[in-house]
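K.L.:
Next come a sequence and a model predicted from it.
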Amino acid sequence: QDKLVESGGGSVRPGGSLQLACRYSRFTMASYSIAWFRQEPGKGREVVACISGNQGATYPLDSVKGRFTISRNNDENTVYLQMSSLKSEDTATYYCAVAPLGCYRLDESDLDLWGPGTWVTVSS
């Protein structure tokens with residue numbers, strides 16, 4: 001069964017860093033775009049970053065530009081989200097999802113497989 005599993009979440013102080021990982025189960029997913037989303041309690045889901053199969057990265061969320069970096073290692077079947085200079089407003093559950101139509105088609109109906117999420121808390 002195809003699946004995505006996120007890891008690396010936790011609690012960190014403002015200004016700190018975390019690296020999230022999204023491991024996908026099938027090596028053929030290496031050709032698919034994979035996106036990171038986040039959702040704060042009581043709010044809608046927002047796109048954080050996306051990476052294509054050929055390593056092209058996009059950051060639709062202005063508030064994370066320059067602080068977050070998405071990358072992938074297809075040998076490890078993993079997409080990473082390196083988060084630095086974390087702020088309290090980065091607190092959320094972070095999810096990854098397969099975007100079979102690419103990084104410019106990220107509406108919910110365009111997405112395929114989702115992971116269960118990993119929680120990130122930024123607090124002093």
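P.N.:
Good, I have the coordinates.
K.L.:
Now tell me which helix or strand of the chain has the poorest mean pLDDT.
P.N.:
Ranked by mean pLDDT, DSSP states H and E, the weakest helix or strand in the chain is strand 57-58, scoring a mean of 92.
K.L.:
list the buried ones in the following helix or strand past that one?
P.N.:
Next in sequence after strand 57-58, counting helices and strands by DSSP states H and E, comes strand 68-73. For strand 68-73, the neighbour count (16 or more other Cβ atoms under 10 Å) marks Phe68, Thr69, Ile70, Arg72 as buried. The C-beta positions use only the backbone N, C-alpha and C, and glycine is treated the same way.
K.L.:
Make JSON lines out of those residues and add distance to Val98 and pLDDT.
P.N.:
Below are the buried residues of strand 68-73 laid out as JSON lines (distance: Cβ to Cβ, whole Å; pLDDT from 0 to 100):
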{"residue": "Phe68", "distance to Val98": "19", "pLDDT": "98"}
{"residue": "Thr69", "distance to Val98": "20", "pLDDT": "98"}
{"residue": "Ile70", "distance to Val98": "14", "pLDDT": "97"}
{"residue": "Arg72", "distance to Val98": "12", "pLDDT": "95"}
